[in-house]
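# quick one, structure for this:
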Amino acid sequence: MVRGQWPEAIERLAVQLSHAEAADRRVEEAKSAGSGQRPNRNDLAPAEYQRQLHAYLQTPQYKAADRELRVAVALSKAHAAALLRSARKVLARYADGKQAPRHLPQPRILPGGHVPQWWMNTVNATYAGIWRAIPSAGPELRLGSPDDSLVQEVAKQARLLQASRVGYRKRGTLYEAYIPDGTPSAGRSVPPIRGLSPEASRRANLLLGRGSGMRVQPGRDEEFDQLHTDYFPVWDRSRAYAAAVLALLRART
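Residues are numbered from 1 along each chain as shown. The predicted model follows:
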């Protein structure tokens, strides 16, 4: 196997992981700073809480805290997606016995720390490309036995990331159009469209706005909850995967 400059490449991955973790901490700090200024629901009567909350949402302090949080989230997403691409690339090249990469994928961040709204909108709309970066399980098996705890951890994190992608792709497939009967989420499903398959009919009913409501299909709440449980932590899972890859490569280098 070609090993060349692998120690330096692995440490570059470590630095990138530390940057992604720092970006995530910035998100948590922004959440804490913003929540500390909000009126406390538990300390106030409902009407007074709503009054103070409405007043707080108009203040420059709230607007500044809200922007800081949105900036921090967008930056964290950009770092996490780039980190996942790097970890996948480094592991695959090492497992294949190739030369160490000279450059690792970097987050697409504007120079000078400038974070305009259009950039944040792009990151949020594209998920910073993280779904295309989801790795497949397998390369780690060329670096050790399936019983090796380091190999197992990489494989586990890869499976969790794949579950996140399934959650992202399928989370909208469980909704249906329905006709409410006046109680929450209760009522009749909109009848299928003649000539279409059940799935095509479900999508068409939603697209055409048939019925007067939208809900998760009856009996599929548990599946819906699991898809969302897997979908949202993709950013945390990307950092966990990179950390597992880093631990494995350090042990083999």
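
# got a pLDDT number for residue 3?
We note a pLDDT of 53 for residue 3 in this prediction.

# now the one 3 residues further on
If you check residue 6, the pLDDT there is 94.

# find the nearest non-adjacent residue to it, please.
In this structure, residue 6 finds its nearest non-sequential neighbour in residue 100, 4.6 Å apart by C-beta to C-beta, 6 or more residues apart in numbering. Any C-beta I mention is one placed from the backbone N, CA and C, and that applies to glycine too.

# the one you found: neighbour count?
Burial of residue 100, expressed as a neighbour count using other C-beta atoms under 10 Å, amounts to 18.

# that one contacts residue 9, correct?
Yes: using C-beta atoms under 8 Å, residue 100 and residue 9 qualify as a contacting pair, with a distance of 3.8 Å.

# need the overlap of contacts for those two.
Common neighbours of residue 100 and residue 9 are listed as residue 90 (criterion: C-beta atoms under 8 Å, 6 or more residues apart in numbering).

# averaged pLDDT, stretch 74-88. What do you get?
What stretch 74-88 shows for mean pLDDT is 98.

# same thing with stretch 209-217?
If you average the per-residue pLDDT over stretch 209-217, you get 85.

# buried residues of it, list them for me.
Judged by neighbour count (16 or more other C-beta atoms under 10 Å), stretch 209-217 contains these buried residues: 211, 215, 216.

# quickly find the element holding the first one.
In this structure, residue 211 sits in neither a helix nor a strand according to DSSP states H and E.

# identify the residues contacting it.
Taking C-beta under 8 Å, 6+ apart, we find residue 211 in contact with 177, 178, 179, 190, 205.

# how about a markdown table for those residues, with secondary structure, pLDDT and distance to residue 68 added?
As requested, the contacts of residue 211 are exported to a markdown table (DSSP: H, G, I helix; E, B strand; the rest coil; pLDDT from 0 to 100; distance: C-beta to C-beta, whole Å):
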| residue | secondary structure | pLDDT | distance to residue 68 |
| --- | --- | --- | --- |
| 177 | strand | 89 | 39 |
| 178 | strand | 90 | 40 |
| 179 | strand | 88 | 44 |
| 190 | coil | 88 | 43 |
| 205 | helix | 86 | 41 |
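
# pick out the most distant pair among the residues you listed.
Maximum pairwise distance among those (C-beta to C-beta): 10.8 Å, between 179 and 205.

# give me the more crowded residue out of those two.
Counted by other C-beta under 10 Å, residue 179 and residue 205 do not tie: residue 205 has more neighbours, with 22 against 13.

# how near is the more buried one to residue 211?
Here residue 205 is placed at a distance of 7 Å from residue 211 (C-beta to C-beta, to the nearest Å).

# list residues touching both of these two?
Between them, residue 205 and residue 211 share these contacting residues under C-beta under 8 Å, 6+ apart: 177, 190.

# the closest residue to residue 34 other than its chain neighbours is in what secondary structure piece?
What sits nearest to residue 34 in space, not counting adjacent residues and going by C-beta to C-beta, 6+ apart, is residue 65, at 3.8 Å. Using DSSP H and E, the secondary-structure element containing residue 65 is helix 60-95.

# from the contact counts, what lies against that helix?
helix 6-37, helix 117-126, helix 234-252 (3 or more C-beta pairs under 8 Å, 6 or more residues apart in numbering; DSSP states H and E).

# and of those helices, who's closest to residue 196?
Among the helices and strands packed on helix 60-95, the nearest to residue 196 by C-beta to C-beta is helix 117-126 (30.0 Å).

# in terms of secondary structure, what does the next helix-or-strand element following that closest one contact?
Proceeding C-terminally, helix 117-126 gives way to helix 149-170 as the next helix or strand, assigned by DSSP H and E. Using 3+ C-beta pairs under 8 Å, 6+ apart as the contact criterion, the neighbours of helix 149-170 among helices and strands are helix 221-231, helix 234-252.
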